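J.: how does the following fold in three dimensions:
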Amino acid sequence: MNYFFITGSSQGLGLSLTKLLLKDNNNFVYGFSRNNDFSHQNYQHTTLDLGDLNKVKTFQFPVLSNTDSIVLINNAGIVGDVNYVGKVNNDEIIKSYSINLIAPSILTNNFIASYTSSNSDKLILNISSGAGRSAIDGWNVYCATKAGLDMFSQVLKEEALINGSNLNILSLAPGIIDTGMQETIRTSSKEGFSNIERFIEYKENGDLAQPEDTATIVARFIFEKGLQQNVICSVRDVSE
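T.: Residues are numbered from 1 along each chain as shown. Below is the predicted model:
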């Protein structure tokens, strides 16, 4: 059995990936989000607010048996308060760092501690962003948290190589997807984000990828070893 732990499983890319994986009866998904309307015989939901770090740090990964592979997908993320530094809401800064960087780090730490003795293949897939690899005005905290996730992933890989563990790590930029995050970006002000018109055009021109299509590409990174060679990666690395 292949076991998957997916944060942000109730909507967007997380939900699409959950549904895709569960088309195979050999897969079992543990989903994490604040809300859930999805049910499946091979799905178990945990109500968890990643902004509540006290609850995140006390979460215990289950004991698994008959495992072929174990995968943690840190998918949940928020763009936060789109505005220039000096005008950003401080509570939103704390919330963004908690959800985008601190919670994934804690879950990863507990995941490795729980399954380090397992001989099964293990993969940690962090959903990063191109915003973590280039500066975007108004996205200061989002860019910083995703850049931090990229570096965290690279250090994890170095540690895995030193330890000789059967653990692989990817930090994957999923591209621009038609999700609630994009809706939030489009409602920001030009004073807080100079390129807002371009993102409005993405939606109007149909340039945003659908979550289901992106999930199909993400699944390839999970199952195709040839796509797991570089920690820092992007859906754009996959040829049609």
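
J.: confidence score at S65?
T.: With respect to pLDDT, S65 has a value of 91.

J.: so what touches stretch 181-188?
T.: 12, 77-79, 82-83, 138, 176, 193, 196, 199-200, 202-203, 208 (Cβ atoms under 8 Å, 6 or more residues apart in numbering). Bear in mind the C-beta positions are built from the backbone N, C-alpha and C, glycine included.

J.: and with 10 Å instead?
T.: With contact meaning Cβ atoms under 10 Å, 6 or more residues apart in numbering, stretch 181-188 is reached by 12-13, 77-83, 129, 138-139, 142, 176, 193, 195-197, 199-200, 202-204, 208.

J.: dump the C-alpha coordinates for it into CSV.
T.: C-alpha atoms of stretch 181-188 as CSV (Å, rounded to 0.1, in the frame of the first residue of the first chain):
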residue,chain,number,x,y,z
MET,A,181,-5.2,32.0,-4.0
GLN,A,182,-5.5,33.6,-7.5
GLU,A,183,-8.8,35.1,-6.5
THR,A,184,-7.2,36.7,-3.5
ILE,A,185,-4.4,38.2,-5.7
ARG,A,186,-6.9,39.6,-8.1
THR,A,187,-8.7,41.5,-5.3
SER,A,188,-5.5,43.3,-4.2
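
J.: how far off centre is it?
T.: Mean-position distance between stretch 181-188 and its chain equals 19 Å (Cα atoms, centre = their mean, to the nearest Å).

J.: could you turn the buried ones of the contacts of stretch 181-188 into a ChimeraX selection?
T.: Buried members of the contacts of stretch 181-188, defined by 16 or more other Cβ atoms under 10 Å, are picked up in ChimeraX with:
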select :12,13,77,78,79,80,81,82,83,129,138,139,142,176,193,196,199,202,208
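
J.: need the nearest residue in space to Q210, chain neighbours excluded.
T.: Once flanking residues are discounted, Q210 sits nearest to D178: 5.9 Å by Cβ to Cβ, 6 or more residues apart in numbering.

J.: that neighbour: neighbour count?
T.: D178 has 18 neighbouring residues, counting by other Cβ atoms under 10 Å.

J.: show me what contacts the residue nearest to the spatial centre of the chain?
T.: Using Cα atoms, centre = their mean, the residue of the chain that lies closest to the mean C-alpha position is N75, 2.0 Å off. Residues near N75 by Cβ under 10 Å, 6+ apart: 5-9, 12-15, 17-18, 31-33, 104, 125-127, 172, 174, 218.

J.: how about a cut-off of 7 Å?
T.: N75 is in contact with 6-8, 13-14, 127, counting by Cβ atoms under 7 Å, 6 or more residues apart in numbering.
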